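Undergrad: here is my input, please return the structure:
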Amino acid sequence: MRSVYQRPRPKATINITPYIDILLVLLIIFMVIQPSNQFQLGTRAPGKPAIVSPQTRFDTIVVSIDQQANIAINTQPVLFSDLGKTLFDILNARADRTIFIKGTPPELPFGDVARIIDIAKGAGAGDIGLI
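TA: Below is the predicted model:
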């Protein structure tokens with residue numbers, strides 16, 4: 001037989017009402033401390049860059065080599081033995097130490113270009129670009 005008095009069983013559910021109250025209070029606090037006027041940083045967008053090739057700039061150093069291993073710095077012929085000294089003199093007089101190396105024929109051995117890169121680095125070149 002069942003007794004008239006039954007003990008209350010504990011509830012196994014979580015009471016989320018206090019959590020919702022805390023969430024709403026935090027939401028109101030964050031809305032109040034949010035600044036009303038937004039501070040914007042001034043920015044400048046770069047314009048369209050002018051198309052300048054390395055051959056048209058006057059301050060660019062272009063070392064060119066052809067199939068017969070004739071070397072020229074900005075169309076001035078230079079002997080292979082004098083290349084390091086000439087580049088050293090040119091690079092000491094300027095702040096920009098960027099050099100471009102242009103190999104004329106496609107069948108030019110890369111070993112010649114690698115030697116020029118090595119000489120240019122030894123002369124104090126910073127960035128070296130291949131054309």
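Undergrad: which stretches in the chain count as strands?
TA: Applying DSSP state E to the chain gives strands spanning 61-65, 71-73, 76-78, 99-103, 128-130.
Undergrad: chain center to the first one, what's the gap?
TA: Average the C-alpha atoms of strand 61-65, do the same for its chain, and the two points are 26 Å apart (Cα atoms, centre = their mean, to the nearest Å).
Undergrad: would JSON lines of the strands of the chain with distance to K121, mean pLDDT and mean neighbour count be doable?
TA: (C-beta placed from N, C-alpha, C; glycine too.) Formatted as JSON lines, the strands of the chain follow (distance: least, Cβ to Cβ, whole Å; pLDDT from 0 to 100; neighbours: other Cβ atoms under 10 Å):
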{"stretch": "strand 61-65", "distance to K121": "12", "mean pLDDT": "85", "mean neighbour count": "21"}
{"stretch": "strand 71-73", "distance to K121": "16", "mean pLDDT": "86", "mean neighbour count": "17"}
{"stretch": "strand 76-78", "distance to K121": "17", "mean pLDDT": "86", "mean neighbour count": "11"}
{"stretch": "strand 99-103", "distance to K121": "9", "mean pLDDT": "83", "mean neighbour count": "20"}
{"stretch": "strand 128-130", "distance to K121": "7", "mean pLDDT": "80", "mean neighbour count": "13"}
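Undergrad: using a markdown table, lay out the ones you listed together with distance to N92.
TA: Shown next, in a markdown table, are the strands of the chain (distance: least, Cβ to Cβ, whole Å):
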| stretch | distance to N92 |
| --- | --- |
| strand 61-65 | 12 |
| strand 71-73 | 14 |
| strand 76-78 | 16 |
| strand 99-103 | 13 |
| strand 128-130 | 17 |
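Undergrad: F30 is nearest to which of those?
TA: F30 sits nearest to strand 128-130 of all those, at 52.0 Å, using Cβ to Cβ.
Undergrad: which strands or helices does the closest one pack on?
TA: strand 99-103, helix 110-123 (3 or more Cβ pairs under 8 Å, 6 or more residues apart in numbering; DSSP states H and E).
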